[in-house]
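In: Fold the following for me, if possible:
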Amino acid sequence: MKFRAPTVCFVLSLLLLSGISESCFLVGDLNGDCRVDLNDLVLMASQWLESPSCSEAGCVAHWRLDESRGSAAADSSGWARHGTVVGGVGWNPTGGVFGGAIQFDGVSGYLWSSYQGVTGSHPRTCTAWIKTGQSPGEIMSWGNRDVAGGRWVVGVDETGVLRVDTGGGFVIGTTVLTDDRWRHIAVTFDGSTTDDIILYVDGKIETIGGIVPHAINTQAWATTKLGVFQLALPAPSHFFDGLIDDARIYNRALHLKEVWNLATTASTLYDCADLNADQTVTLSDVAVLSENWGAETPQILINEFLASNQSRSPLGPGQILDGNFDASDWIELYNNSRFSVDISGWYLTDDADNPTQWQFPADSGELTLEPGDYLLVFASGKTQAENPGNYPYIDPAGYLHTNFSLSKDGEYLGLFAADGITPIHVYDTIALGGGVYGYPPQKDDISYGHYYGQTRYFSPPTPGADNVTGAFTGFVQRPDVNIKGGGYVNPVEVTVTCDTPGASIRYTTDGTAPCLLAGQDYTGPITIDNSMTLIAKAFKPGLHPSDARIETYIFVEPDLATFSSNLPIVIVDTLGQEIPYDKINRPFIDCRVIMMDTDDQSGRASMVGLDHLKDKGIGKIRYRGQSTYGQGHYALEFRDEYGRDQDVSPLGMPAESDWILSYDILDYTLLKNEVAFKWFRDMGHYAPRQR
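Out: Residues are numbered from 1 along each chain as shown. Modelled structure (predicted):
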């Protein structure tokens, strides 16, 4: 795919993800054209009154659990891995999601098979329908409890959420499953550690509530069971209390769209007309199809976009630069259907009144998106006036650039057909004020886009890949404190609050980042009686964790409480460490920093009072140089809770993460450098700012 520019041939950058079974997330869309219509009914008629060919690739065990008596549970996968029920179990022939189900009593009932499960670190998927009001309970399991990483136990944990325990490591979800409703659960794994496990509930990817990384090496030891894992003491057995239906094991990791199909139609195959899983195609399947009759979704989606790209080298997860190595905003298109679509001459716009604002090259023959193809376009504002010989602008890496950029504050965004009239996919549902509708306000390096027919934020972004993980509906508000950081003489009782209903707060005082698995739960006022930095974050399932509230408290001696200065005061507490004077390695050490500005009325700064440092961070300090007069210069850096550069605005100056505490013995008036720097800036040049 090539576009001719003035002197260079560029290759248009199409980001491909191949080998994926596509789905428009519409039950009844059997032919994959993203609409439910007569074509799907014709396909269903071709399978009428027959047992359709819905063979599940990689399905190595499938217990439908439709039996009505006896102790045998048939395996319909073709591998003859039949199960046997033991203890307190009962058949419920009509009580399942698809036909019957099995009732476990939570005390002694389970099902076992001689199948030893998928072992080692081989890919796998486990799925089942469950209905329970109790926790904990184990749904499906196999492996060796005594070997680190050697077991595979899928269950409901003590808090009622989905959990996978691998022995030394685990992953938990956030959706509470103990609501006594039918829930479809699925777990996929393709990798080497618990970080590679994906959880699903009701066909959709789960937000991870916690994870302990550990290598996975499942052992061929205890055979597969439903309803329990370890029978032998002293290990506690968490028998499942509730109903299980349609349990399956695959020796491959299902794709997210296959999991969705499985949860909605009991098949991973989009063209299987047996929509109610009764192993034949009849009027009952027509009834399922008719529920979505006439429904459609776009074949080409604005799948994801990033309105505030802060990427920089070295690139982190989800970060990308354009072909000019600029951090431009970007828009990702995706062919959601199972048909090739030529988007030559189509339009992108951020103006609802101007649908033809920017046009893809027309009649190029090079803009056909195959099923599952992604096309990344940078929204950098490259206009025709600025690039008359290369428009639409194509950068050295082959990326197309629009003539508009995206607004972080939210705005309209649309994709239009080549006629300039027909909307293909638009973002126009959020009221932004003044009669304007579009996408909601955005944050730095957090993208927004399509997710199972709805919209979500994504962190990290996923340019050129499925919107698989890190999806959330919004943001938890940053916690607040009743007593801000600053200089204090006496202990203070700090109360932390969050305006997001239902949010929980966790905090640390050692400079590390609080998370669901680290830090302390906030349960009441925190007594602060020595110098420390309080970091608090708020969490709520389904929402992105809040920004960190960082407050530094430094305690000064009582005899310094009355000291004041006509200059701002910077207080650096190194927590008892001496700043090393090492010209070679120049190491930073942790410190606590507050800055006290002069009062507007008195014109003086005090050692006691509120910190005037805006956008606070965690301080690090080192020697920057040494003068012959016994004083030195210090380099002061600010980091966020994860150790990344944190821009702060000390004493009203522009925000930056790296600062110098400069000592100039020859400038007694503190004006010589300032005058020179200011004049140089006034002439349009770069020069330091200082106070």
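In: Can you tell me how far residue 358 is from residue 448?
Out: 19 Å (C-beta to C-beta, to the nearest Å). Every C-beta, even on glycine, is put in place using the N, C-alpha and C of the backbone.
In: can you check residue 161 too?
Out: 26 Å.
In: Not counting its neighbours along the chain, what's nearest residue 86?
Out: residue 110 (5.7 Å; C-beta to C-beta, 6 or more residues apart in numbering).
In: That neighbour: what's it in contact with?
Out: 85, 86, 87, 89, 104, 225, 226, 227, 228, 239, 240 (C-beta atoms under 8 Å, 6 or more residues apart in numbering).
In: can you pull the contacts of residue 302?
Out: Residues near residue 302 by C-beta under 8 Å, 6+ apart: 331, 332, 333, 413, 414, 415, 425, 426, 427, 449, 450.
In: would you say the second one is within a helix?
Out: Right, the one you point to is residue 332. No. Looking at residue 332 with DSSP: H, G, I helix; E, B strand; the rest coil, it is strand, so not inside a helix.
In: residues contacting it?
Out: The contact partners of residue 332, by C-beta under 8 Å, 6+ apart, come to 15, 302, 303, 304, 305, 374, 375, 376, 377, 449, 463, 464.
In: before we move on, back to that, among the contacts of residue 110, which are located in strands?
Out: Among those, the members found in strands (DSSP state E) are 85, 86, 89, 104, 225, 226.
In: residues in contact with the second one?
Out: Pointing back at residue 86 there. 71, 108, 109, 110, 111, 112.
In: for residue 197, same thing?
Out: So residue 197 contacts 164, 171, 187, 188, 189 (C-beta under 8 Å, 6+ apart).
In: for residue 424, same thing?
Out: Going by C-beta under 8 Å, 6+ apart, residue 424 touches 298, 299, 300, 346, 414, 415, 416, 417.
In: Make sure the fourth one is actually in contact with residue 420.
Out: By that I understand residue 346. No. Using C-beta atoms under 8 Å, residue 346 is not in contact with residue 420; the gap is 9.2 Å.
In: Neighbour count: those two, which is higher?
Out: residue 346 (24 against 15; other C-beta atoms under 10 Å).
In: Ramachandran angles for that one?
Out: Backbone torsions of residue 346, given as degrees, to the nearest 10, read phi -70, psi 170.
In: Just give me the neighbour total for the closest residue to residue 315 other than its chain neighbours.
Out: Ranked by C-beta to C-beta, 6+ apart and with sequence neighbours excluded, the top spatial neighbour of residue 315 is residue 321, at 7.1 Å. Neighbours of residue 321 under the rule other C-beta under 10 Å: 18.
In: quick one on the thing from earlier: mind picking the two most distant members of the ones in strands among the contacts of residue 110?
Out: The largest separation in the ones in strands among the contacts of residue 110, counting by C-beta to C-beta, is between 89 and 225 at 11.9 Å.
In: Tell me what the residue lying closest to residue 574 once chain neighbours are set aside is bridged to.
Out: Leaving out its chain neighbours, the residue that sits closest to residue 574 by C-beta to C-beta, 6+ apart is residue 591, at 4.8 Å. Counting by DSSP bridges, residue 591 is bridged to residue 619.
In: residue boundaries of the helices in this protein?
Out: Along the chain, the segments classed as helices by DSSP state H run 38-45, 256-265, 283-290, 672-682.
In: circling back: and of the contacts of residue 302, the nearest to residue 656?
Out: residue 331 (30.5 Å).
In: hey, what's that closest one bridged with?
Out: For residue 331, the beta-bridge partners are residue 305, residue 377 (DSSP bridges).
In: State the distance from residue 78 to residue 253.
Out: Distance from residue 78 to residue 253, by C-beta to C-beta: 20 Å.
In: So between those two, which is more surrounded?
Out: Neighbours per residue, other C-beta under 10 Å: of residue 78 and residue 253, the larger number sits with residue 253, 21 against 12.
In: how many neighbours does the nearest residue to that one once chain neighbours are set aside have?
Out: Counting by C-beta to C-beta, 6+ apart, residue 253 lies nearest to residue 190, which is 3.7 Å off, once chain neighbours are set aside. Using other C-beta under 10 Å, residue 190 has 15 neighbouring residues.
In: any idea how far residue 261 is from residue 190?
Out: Distance of residue 190 to residue 261, computed by C-beta to C-beta: 18 Å.
In: Low-confidence regions, the protein specifically.
Out: Low-confidence segments of the chain, defined by pLDDT under 70: 1-23, 51-53, 231-236, 364-365, 582-583, 614-620, 622-632, 641, 663-672, 691.
In: Swap in 50 and give it another go.
Out: Scanning the chain for pLDDT under 50 picks out 1-21.
In: can you list the domains in it?
Out: What automatic domain parsing lists as the domains of the chain is 59-268, 297-323+331-340+356-472, 480-554, 562-638+646-682.
In: in this protein, which residue is closest to the centre?
Out: With distances taken as C-alpha atoms, centre = their mean, residue 470 lies nearest the centre of the chain, 1.5 Å away.
In: Now for that one: which residues touch it?
Out: So, once contact is read as C-beta under 8 Å, 6+ apart, residue 470 ends up touching 458, 459, 460, 462.
In: List just the nearest of those to residue 652.
Out: Comparing the contacts of residue 470 against residue 652 with C-beta to C-beta places residue 459 closest, at 31.4 Å.
In: For burial, what's the neighbour tally of the closest one?
Out: When neighbours are counted by other C-beta under 10 Å, residue 459 comes out with 18.
In: go on, residue 572?
Out: 16.
In: Beta-bridge partners for it, please?
Out: Where residue 572 sits in a bridge, its partners, by DSSP bridges, are residue 593.
In: Surely it is in contact with residue 593?
Out: Yes. At 5.4 Å, residue 572 counts as touching residue 593 under the criterion of C-beta under 8 Å.
In: so residue 165 makes contact with residue 153?
Out: Yes. Residue 165 is in contact with residue 153 according to C-beta under 8 Å; the separation is 4.4 Å.
In: can you pull out the strands in the stretch 551-691 of the chain?
Out: Along the stretch 551-691 of the chain, the stretches classed as strands by DSSP state E, counting those that start in this stretch are 564-565, 569-573, 589-596, 605-606, 609-610, 618-626, 632-639, 658-661.
In: For stretch 242-260, measure first residue to last.
Out: Using C-alpha to C-alpha, to the nearest Å, one end of stretch 242-260 lies 23 Å from the other.
In: And residue 511, how far from residue 239?
Out: In this view, residue 511 and residue 239 are 44 Å apart by C-beta to C-beta.
In: what's the answer for residue 323, then?
Out: Distance from residue 323 to residue 239, by C-beta to C-beta: 58 Å.
In: Relative to residue 389, which of the contacts of residue 197 is nearest.
Out: Closest to residue 389, out of all of the contacts of residue 197 and judged by C-beta to C-beta, is residue 188, at 48.9 Å.
In: Please name the nearest non-neighbouring residue to that closest one.
Out: In space, residue 188 is closest to residue 253, 4.2 Å off (C-beta to C-beta, 6+ apart).
In: can I assume the one you found is in contact with residue 122?
Out: No. Contact criterion C-beta under 8 Å: residue 253 and residue 122 do not qualify, at 9.8 Å.
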